[in-house]
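[1] What follows is a predicted protein model with its sequence.
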Amino acid sequence: MFISFEGIDGSGKSTQLVLLREWFEERGRSIVTIREPGATYLSEAIRDILLSNKQSITATAELLLFSAARTQLVETVIQTSLDRGDVVLCDRYVDSTTAYQGYGRQLTLESVEICNSLAARGVMPVLTFFIDVPYNEAQTRMQFETSQAKPDRIESSGPEFFERVRSGYLAIAAQEPSRFIVINGVQERDAIHREIVSIVERRL
Ligand code: ADP
Ligand code: TYD
């Protein structure tokens with residue numbers, strides 16, 4: 001079973017991924033958790049380049065780099081884990097590219113779709129939870145994080161960018177309502193977790 005989590009930076013999706021991992025572990029399931037971009041040597045190296053503030057990156061180069069990181073991950077980790085019968089929980093996947101590079105950076109949705117299908121190779125989540133919070137709430141949440149001193153290159157993209165990203169996620173939800181589930185992220189962690197679990201239980 002392949003499940004992904006989506007949301008703007010600071011929405012609380014990684015928190016929910018961890019809670020769902022624990023829920024599956026308590027039920028004896030073998031779990032693989034992955035963050036995107038990342039989880040392979042190549043993908044982590046690409047992540048460092050993409051998030052670094054050292055230089056600007058053009059929108060198309062950004063699209064291609066995220067796609068390269070993803071296809072390495074799909075071929076070497078996700079596909080083999082799913083073949084073994086593991087539950088794969090992914091912190092971001094193709095919908096991030098649609099929302100951030102398509103709607104946020106305003107690249108054509110056609111070019112994003114080509115890259116997404118090339119990178120994902122038909123490997124798609126059965127469920128995607130979009131943790132929906134307003135930009136200001138996400139910003140407030142991130143300010144409480146001590147691990148990161150200053151925003152990375154993408155986090156520095158500004159409120160209008162993140163409003164477009166959020167509207168992109170809502171557009172995906174309108175197109176794929178059975179896979180892409182909108183969760184109100186402005187709730188207590190446990191309330192969100194219970195909502196997610198009830199949806200997962202129905203799909204199992
Ligand atoms: P993301 O992975 O979407 O960037 P995180 O899960 O890392 O977000 O959460 C961002 C911050 O918000 C963290 O400090 C986390 O503890 C906090 N947080 C997560 N969920 C909630 C919630 N439901 N309400 C308030 N704060 C939350
Ligand atoms: P990360 O620190 O993992 O952000 P978060 O904790 O909010 O998930 O950084 C990943 C960043 O990369 C995040 O700003 C979203 C962005 N991103 C894209 O723009 N396109 C993509 O396809 C992916 C996977 C991520």
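    Alright, I've got the coordinates. Ligands and ions are numbered 1, 2, ... in the order given.
[2] Pull the number of nearby residues for the residue nearest to Asn116 when sequence neighbours are not counted.
    The shortest distance from Asn116 to any non-neighbouring residue, by C-beta to C-beta, 6 or more residues apart in numbering, is to Val94 (4.3 Å). Yep, even glycine has a C-beta here, placed from its N, CA and C like the rest. Val94 has 27 neighbours, counted by other C-beta atoms under 10 Å.
[3] same deal with Leu127?
    For Leu127, the neighbour count with other C-beta under 10 Å is 18.
[4] Find the nearest non-adjacent residue to it, please.
    Counting by C-beta to C-beta, 6+ apart, the residue nearest Leu127 is Ile3, at 4.8 Å.
[5] Next, give phi and psi for the one you found.
    phi -130, psi 130 (degrees, to the nearest 10).
[6] related to what we said a few turns ago, tell me who's in contact with the residue nearest to Asn116.
    Applying C-beta atoms under 8 Å, 6 or more residues apart in numbering to Val94 gives the contacts Arg70, Asn116, Ala119, Ala120, Met124.
[7] Looking at those residues, which are in helices?
    Arg70, Asn116, Ala119, Ala120 (DSSP state H).
[8] quick one: Asp152 from ligand 2, how far?
    According to C-beta to the nearest ligand atom, to the nearest Å, Asp152 and ligand 2 sit 6 Å apart.
[9] What residues does the nearest residue to Thr71 once chain neighbours are set aside make contact with?
    Of all residues not flanking Thr71 in the chain, Ala119 sits nearest, at 4.2 Å (C-beta to C-beta, 6+ apart). Under the criterion of C-beta under 8 Å, 6+ apart, the contact list for Ala119 reads Ser67, Ala68, Arg70, Thr71, Val74, Val94.
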